[in-house]
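> Show me how the following folds:
(one chain, ligands or ions: 1)
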Amino acid sequence: MQQRQIEQSAEQEYVDALYARLDGEVARVRADLDDAVRTSSTDPEEAFTRDVRVGMLTRRARTLDAAEHHLCFGRIDHTDGRSLHIGRTGLSDGDDQLLVDWRADAARPFYAATAAHPMGLHRRRHLGLDGRRIARVSDEILDGAEPGPHDVIGDGPLLAAISARRTGRMRDVVSTLQSEQDAIIRSAHRGVTVVEGGPGTGKTVVALHRAAYVLAGFAEARADGVLVLGPGSRFLDYIAEVLPSLGENDVAMSTPDRLVADALGLETPPGAGHELRRAAGDVRLADQLAEAVRRYQAPSGTLAVVVDGDAVTLDEHALAETRETAAGSNLPHNQARALFKDLVVDFVADEVQARARVLLAKLDEDIEVLTGGVDVDRAAAKDLEKLGFGPDEGGAFGHAAAVAELDPGALRAELLDDLALEQAVESAWPRLAAGDVVLDVLDEHPALAVEADGVWTTAHLPLLDEAEHLLNGPPATIYGHVVVDEAQELTPMQWRAVLRRCPGRSMTVVGDLAQAGPATGAGSWADALGSDLAKRADVRTLTVCYRTTAEVLEAAAPLRELIAPDQAPAVAVRHGVPPRRVAVTGELVRAVVEEAEAQVAAGPDELVAVLAADAAVPGIAEALAGTDVRVVPVSQVRGLEFDAVVVADPDGITAARPGGERDLYVALTRPTQRLVIVG
Ligand SMILES: Nc1ncnc2c1ncn2[C@@H]1O[C@H](COP(=O)(O)OP(=O)(O)OP(=O)(O)O)[C@@H](O)[C@H]1O
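Got it, this is the predicted structure:
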């Protein structure tokens, strides 16, 4: 006991020194930042350097601010006597590394060492801080210890973290990451990493900590930024604090719908039902959109352009050749149109010049015959003027001057601005907007029609994005790394929109195919990502469930076996109270309200939710108005969690929409502590 106190006070001294160092660093960075902000320069290069410096210092200041909370959470003692403290950011004093950033290689054994593979460690220590004071010290001796059956890392701190009451906001778990999670987070794989695993296995945790790791470790991610995509705004709110608490404030967060709407400059349109989303997510529509665009590119026939009253016609052959050159450029339609117009202008200019030469030659001959060579200039002046050639500098229309006036550059410039030529080009290769093309394709698919008032729905966004790409090329904003959470929810067309924004294909994709909603129902990652990408992906599986108790997982097991018989069940790390099943004799809503109120009474500060089929939500929400109970439709509960969950009318949930068993499976696996099934 006394030994423990001595150790704790030694750790407190160390932690005090770390905070003193942190305070010093914060003061230094703030002063540097003030200096940098005040420096002004008219020299563009100096101004640029200053902006870069301000950016770097601002980031560092944020990281240090975020590090205040639980600055140091661990320590590893190597068998050779070396000790390292692990924390949210690196801190050093001269050559002395006082604190190792959790992302550094040197920190790896803190997360990965087990009694079976101690990685040169004698001891791993978890430090629990309350403000700047050490509240708990928990040690594991790794060398010479007996390996346990399920080697969890730091079981005391882990169990405390996963049993803690939920607040409705996810927290970072940097101090208790488990080795299978850590291995994915730190993976050096630069391509697509797919992380699958049952509910509550920490897929979101892995996705977000990986984003923080990638930002620190991958230069391209730093340069082009990281994007995290989640299924809806409820979910984004839920995870919003994790990356800032890891010191990362510059990660873009969005939903697949909002990402596209923003890129197209649209307000997010009204949501769509799963049937429409599924139909509009069909990847075959990509080809149909491309075909619809092709149909606009110079329909066969001829193209007549009237220049100064004279028609120049591209015959079938010339038009076909022009079209093929423009289309063969593989430029997006609206850019290829500029090329098409250039080619038409070239053709017309050549023709005008050829005709002018013929005319001039004929003029020479006629004049020769008629005048015997007297004052050619004056005689030809009128004809030349008709052709649009002005007098030369000396005011004369000399033969040589006229030929010089056939300046191809000037003629081309004039033709490019010519209204009649522009109209002819527009008829053969019109400038298009994304909506035009999508509407063409929707004409062939009545089931995808836009609502009567002509408003797009979210289901149409990937189609608009595809069309925009075909017309105007790649999106303006791309990312160095993209994290997709609840990835089973993306339709193939949505995947195309996401991949378009990640040309480097550096991605972390996390999801659980067993939880796929009716809009996708993807059976495999190859279905979702496309077989090429899926083949090259590094697929990892998480096996331990940290959210729910073994009893809750058991209650959901029959559904899991039905939905995903091939999926190995995750193992829960803790036990709790068995789920309660309540038969309904009277009114369902009343029974649900009673159970929800009982849960609130059982844990007054806890997060209690009622999960119900979408249509049943308004009635239940009204009955629970004024309470702290959250009533959430099952279609929107993916990724979320609560201390206690009341599932209302499971049969109603399964019957509400196709694949309703998956919705029910998701609902049953949301509680961290208690589950009640009413109905
Ligand atoms: N290493 C860990 N330490 C502490 N808590 C953890 C750890 N891993 C996961 N958790 C907790 O377990 C819960 C479930 O994690 P998470 O939401 O990431 O799971 P998931 O696999 O994404 O679940 P779902 O499939 O239901 O979306 C969260 O509360 C998370 O904080």
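> sec struct for the closest residue to G530 other than its chain neighbours, please.
Take G530 and drop its neighbours on the chain: the residue closest to it by CB to CB, 6 or more residues apart in numbering is W495, 7.1 Å away. Where C-beta positions appear, they are placed from N, C-alpha and C, glycine not excepted. Put simply, W495 is helix when judged by DSSP: H, G, I helix; E, B strand; the rest coil.
> for W495, what are its contacts?
Residues in contact with W495 (CB atoms under 8 Å, 6 or more residues apart in numbering) are A528, L529, G530.
> May I see the residues you listed organised as JSON lines, with secondary structure and distance to the ligand added?
Below are the contacts of W495 laid out as JSON lines (DSSP: H, G, I helix; E, B strand; the rest coil; distance: CB to the nearest ligand atom, whole Å):
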{"residue": "A528", "secondary structure": "helix", "distance to the ligand": "15"}
{"residue": "L529", "secondary structure": "helix", "distance to the ligand": "18"}
{"residue": "G530", "secondary structure": "coil", "distance to the ligand": "23"}
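> Please pick the buried ones from the residues you listed.
Buried members of those, counted by 16 or more other CB atoms under 10 Å: A528, L529.
> JSON lines for the contacts of W495, including pLDDT?
As requested, the contacts of W495 are exported to JSON lines (pLDDT from 0 to 100):
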{"residue": "A528", "pLDDT": "80"}
{"residue": "L529", "pLDDT": "82"}
{"residue": "G530", "pLDDT": "80"}
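> Could you measure from N334 over to W429?
From N334 across to W429, the span is 9 Å (CB to CB, to the nearest Å).
> Give me the distance between D407 and the ligand.
Distance of D407 to the ligand, computed by CB to the nearest ligand atom, to the nearest Å: 68 Å.
> That residue: neighbour count?
12 (other CB atoms under 10 Å).
> OK, contacts around it?
Applying CB under 8 Å, 6+ apart, no residues qualify as near D407.
> for the one 5 residues further on, same thing?
With contacts taken as CB under 8 Å, 6+ apart, R412 has the following neighbours: V345, D346, A349.
> ditto for C72
For C72, the contacting residues are Y14, V15, L18, H85, I86, G87, R88, L99, L127, L129, by CB under 8 Å, 6+ apart.
> I'd like those laid out as TSV, including secondary structure.
Listed next are the contacts of C72 as TSV, based on three-state DSSP:
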residue	secondary structure
Y14	helix
V15	helix
L18	helix
H85	strand
I86	strand
G87	strand
R88	coil
L99	strand
L127	strand
L129	strand
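> and the two most separated of these?
Greatest spacing in the contacts of C72, by CB to CB: Y14 and R88 (15.5 Å).
> Which one's more surrounded, these two?
Higher neighbour count among Y14 and R88: R88, with 27 against 18, using other CB under 10 Å.
> Would you check how far apart that one and the ligand are?
15 Å.
> Tell me how many other residues surround the closest residue to that residue other than its chain neighbours.
Once flanking residues are discounted, R88 sits nearest to A67: 4.2 Å by CB to CB, 6+ apart. A67: 25 surrounding residues under other CB under 10 Å.
> residue contacts, A67?
Going by CB under 8 Å, 6+ apart, A67 touches L22, G87, R88, T89, G247.
> which among the contacts of R412 gets closest to the ligand?
Checking the contacts of R412 against the ligand with CB to the nearest ligand atom, the nearest one is V345 at 57.3 Å.
> Figure out how far the strand or helix carrying A36 is from the centre of its chain.
Applying DSSP states H and E as the criterion places A36 in helix 2-38. How far helix 2-38 lies from its chain's middle: 36 Å, per CA atoms, centre = their mean, to the nearest Å.
> avg pLDDT for it?
Across helix 2-38, the average pLDDT comes to 90.
> Let's verify the residue of the stretch 1-150 of the chain found nearest the ligand: helix, strand, or coil?
Of the stretch 1-150 of the chain, the residue with the smallest distance to the ligand, taken as CB to the nearest ligand atom, is Y111 at 9.1 Å. Using three-state DSSP as the criterion, the local structure at Y111 reads helix.
> Ok, the one 3 residues further on next?
Under the three-state scheme (three-state DSSP), T114 adopts coil.
> next one: A338
Three-state call for A338 (three-state DSSP): helix.
> That one and the ligand, how far apart?
47 Å.
> any residues touching stretch 571-589, and which ones?
150, 152, 155, 158-159, 162-163, 543-546, 548-553, 555, 591, 595, 616, 619-620, 623, 648-649, 673-679.
> how about low-confidence regions in the stretch 451-600 of the chain?
Low-confidence regions of the stretch 451-600 of the chain, defined by pLDDT under 70, span residues 451-454, 521.
> So between N334 and W429, which is more surrounded?
Between N334 and W429, counted using other CB under 10 Å, the more crowded position is W429 (26 against 18).
> so who does that one touch?
Counted by CB under 8 Å, 6+ apart, W429 has contacts Y296, Q297, A298, R323, A326, A336, R337, F340, K341.
> can you list the residues of this structure near the ligand?
Contacts of the chain with the ligand, taken as CB under 6 Å from any ligand atom, map to 158, 161-162, 170, 173, 176-178, 181, 197, 199-205, 512, 546-547, 639, 641, 669.
> Test for you: state the pLDDT assigned to T167.
Listed pLDDT for T167 reads 84.
> could you list every residue that touches it?
Going by CB under 8 Å, 6+ apart, the list of residues near T167 reads L607.
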